[in-house]
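Peer 1: Provided below for reference: sequence and predicted model.
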Amino acid sequence: MNNIAFFLIPKKDVIYLNIGATMRQAMERMEYHGYSAVPLLDAAGRYIGTLTEGDILRKLKNTLFLTFSNTDQIRLGEIERIKQNEPVRIDAEITDLLSRAATQNFVPVVDDQGVFIGIVRRREIIGYFAGIVQKKEEPLSPDAEV
């Protein structure tokens with residue numbers, strides 16, 4: 001297993017936000033899909049960071065006179081992002097993917113121009129390797145040759 005494309009969830013199947021979207025749009029979309037973090041893209045489709053619930057909460061807490069009712073006035077580019085999910089290129093080694101997945105719930109995948117092409121979720125990686133381990137631990141059937 002050397003190709004990270006095996007784990008790729010393509011962009012068309014990923015919830016992401018444009019940096020020009022509003023804070024309210026982000027909150028509503030994240031709540032609807034049950035996500036605590038989503039990739040952020042610029043107008044050209046390049047991955048530029050990850051927006052988390054924590055980033056949104058810090059903005060609400062630290063911005064005088066900001067309430068839910070006026071979050072449609074705040075663009076995502078105005079929100080400081082603390083955690084950055086580091087991307088990998090589609091041609092990256094599986095070890096690069098695994099090292100990032102150890103600390104990130106998802107790993108953004110980009111092409112050689114930095115254009116976002118999808119994500120790899122940690123749960124798919126764990127599921128894949130758990131399946132391998134499980135197969136190795138299955139007891140031999142009575143008619144299996146030893």
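Peer 2: Happy to help now that I have it. Numbers count the residues shown, from 1 in each chain.

Peer 1: middle-most residue in this structure, spatially?
Peer 2: Nearest to the centroid of the C-alpha atoms of the chain, with distances taken as Cα atoms, centre = their mean, sits residue 106, at 3.6 Å.

Peer 1: So what sits opposite that one in the bridge?
Peer 2: residue 121 (DSSP bridges).

Peer 1: Surely it and residue 121 touch.
Peer 2: Yes - at 4.9 Å, residue 106 and residue 121 qualify as touching, with contact defined as Cβ atoms under 8 Å. Quick note: C-beta positions are derived from backbone N, CA and C, even for glycine.

Peer 1: Helices of the chain, start to end?
Peer 2: 23-33, 53-62, 94-101, 122-137 (DSSP state H).

Peer 1: where does this structure dip in pLDDT?
Peer 2: Counting by pLDDT under 70, the chain has low-confidence residues at 1-2, 138-146.

Peer 1: If we use 50, what do you get?
Peer 2: Filtered on pLDDT under 50, the chain yields the residue ranges 146.

Peer 1: show me the contacts for the nearest residue to residue 37 once chain neighbours are set aside.
Peer 2: Leaving out its chain neighbours, the residue that sits closest to residue 37 by Cβ to Cβ, 6 or more residues apart in numbering is residue 52, at 4.4 Å. By Cβ atoms under 8 Å, 6 or more residues apart in numbering, the contact set of residue 52 is 36-37, 81-83.
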